[in-house]
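**Student:** Predicted structure and sequence below. I'll ask about it afterward.
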Amino acid sequence: MQQNHYHVLKEIDKLRNPSKKHYTRITSLPTEVVGYIMSWIHPQEAWRFRAISKSFNSLLSSSGFIVQNLKRSAQRIYMDSDKSYIDETSVNDWDVLFFNAPALYQSEYVRRFMSHVVEISWNYPLGCALPRIWLSNLNKLVVLELPQCNLVGSIPEEIGLLSNLQNLDLYANSLTGEIPSSIGNLVNLRLLVLCENEELGGMLPSTMGCLTSLVTFRANTTNIMGPIPVEFGNLKRLETLSLSLNENPAMPNHIPPELGTLSRLKKLHLCGCHLIGRIPPELGHLASLTSVLLADNQLEGPVPSEWGQMNLRGCDLRDNLNLSYPFQIPDLWLT
């Protein structure tokens, strides 16, 4: 098959740049003949022939051609049409290639080979943006984990179309822009990791308060500004909240007292979030807390007295403005 592929390419190059009179220019062939010939070669090779002429670009960008090209080129890669998981052991060159493919190729590829996929989990160096068309067609996706994939650009609004998504891990990429408000549509989301995206900015959208299934939210080492939305008080299943927030010139960063209703919260990590004011006394009601990290802020006033009676395995309150302790400070605390 590979030998035939290179033979076809060689003959196409002859037709494109004839050096002998008995060759016919490929641009002189009937469109249906050109389409048939080109449909047998690798899509990545076919794409480059779009530059020959406007008619070629029109032909090679048509849905009919793309369907045939993928059917003949990619079908042999997907003999197992029931593949539902794409991870480090099963990802192939086609999966990676189509992150950078023209939009129509992406759409058709997802429709034919990926519409049933429930998990995409790998850390291959992609160096591209999250494809909008992929997201809008992966209706069954439950897990999308692409840490350290060198993803660039913004998180598309289409992320909100993944209504079955439970895990979204985009750790350590090069994402920019803001968290789209459509993320609030992911009502089944349990894990959200956006750490180590240093150019990801804007504010935390209030729509995140709709993520009522969320258990873990981590967004450290980003360029996101505060404040923490009061709507986070709706996240009743939240167990881990770990953020680093920049100062917002338009409004101060406070710890919202609404966090005191999160009865399942175990880890509250808000170091270096430019927090001012008092630690809300409502946070003393969080009986499930095991770790509180609030260092490097400008907090003042009394620490909730209930914390002194909790078995906190980690508590760091260093480098704040003027905190007071209405109890004896446990030995393991960092103050």
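**Tutor:** Happy to help now that I have it.

**Student:** can you list the weak-confidence ranges in the stretch 1-150 of the chain?
**Tutor:** 1-24, 26-27, 75-83, 87-91 (pLDDT under 70).

**Student:** So if we follow the domain assignment, how does the protein break up?
**Tutor:** 2-69, 120-324 (automatic domain parsing).

**Student:** Using CSV, lay out those domains together with distance to residue 333.
**Tutor:** Where C-beta positions appear, they are placed from N, C-alpha and C, glycine not excepted. Output for these, formatted as CSV (distance: least, CB to CB, whole Å):
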stretch, distance to residue 333
domain 2-69, 58
domain 120-324, 4
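
**Student:** hey, which of the ones you listed is tucked in deepest?
**Tutor:** domain 120-324 (a mean of 18; mean count of other CB atoms under 10 Å).

**Student:** What's the end-to-end length of it?
**Tutor:** End-to-end span of domain 120-324 (CA to CA, to the nearest Å): 48 Å.

**Student:** likewise stretch 264-278?
**Tutor:** 22 Å.

**Student:** How far off centre is that stretch?
**Tutor:** Offset of stretch 264-278 from its chain centre (CA atoms, centre = their mean, to the nearest Å): 24 Å.

**Student:** what residues does that stretch touch?
**Tutor:** Applying CB atoms under 8 Å, 6 or more residues apart in numbering, the contact partners of stretch 264-278 are 220, 226, 228, 236-248, 252-255, 259, 283, 286, 288-302, 316, 321.

**Student:** Looking at the domains of the chain, spot the one closest to residue 332.
**Tutor:** domain 120-324 (7.2 Å; CB to CB).

**Student:** Of the contacts of stretch 264-278, which belong to strands?
**Tutor:** 240-243, 291-293, 298-302, 316 (DSSP state E).

**Student:** I'd like these as a markdown table, with pLDDT appended.
**Tutor:** Below are those laid out as a markdown table (pLDDT from 0 to 100):
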| residue | pLDDT |
| --- | --- |
| 240 | 99 |
| 241 | 99 |
| 242 | 98 |
| 243 | 98 |
| 291 | 97 |
| 292 | 98 |
| 293 | 98 |
| 298 | 97 |
| 299 | 98 |
| 300 | 97 |
| 301 | 97 |
| 302 | 97 |
| 316 | 96 |
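
**Student:** Out of the residues you listed, the closest to residue 113 would be?
**Tutor:** residue 240 (35.3 Å).

**Student:** Relative to residue 194, which of the ones in strands among the contacts of stretch 264-278 is nearest.
**Tutor:** Nearest member of the ones in strands among the contacts of stretch 264-278 to residue 194, counting by CB to CB, is residue 243, at 9.6 Å.

**Student:** Which residues are in contact with the closest residue to that closest one other than its chain neighbours?
**Tutor:** Nearest residue to residue 243, sequence neighbours excluded (CB to CB, 6 or more residues apart in numbering): residue 219, at 5.3 Å. Listed by CB under 8 Å, 6+ apart, the contact partners of residue 219 are 192-195, 200, 204, 242-244.
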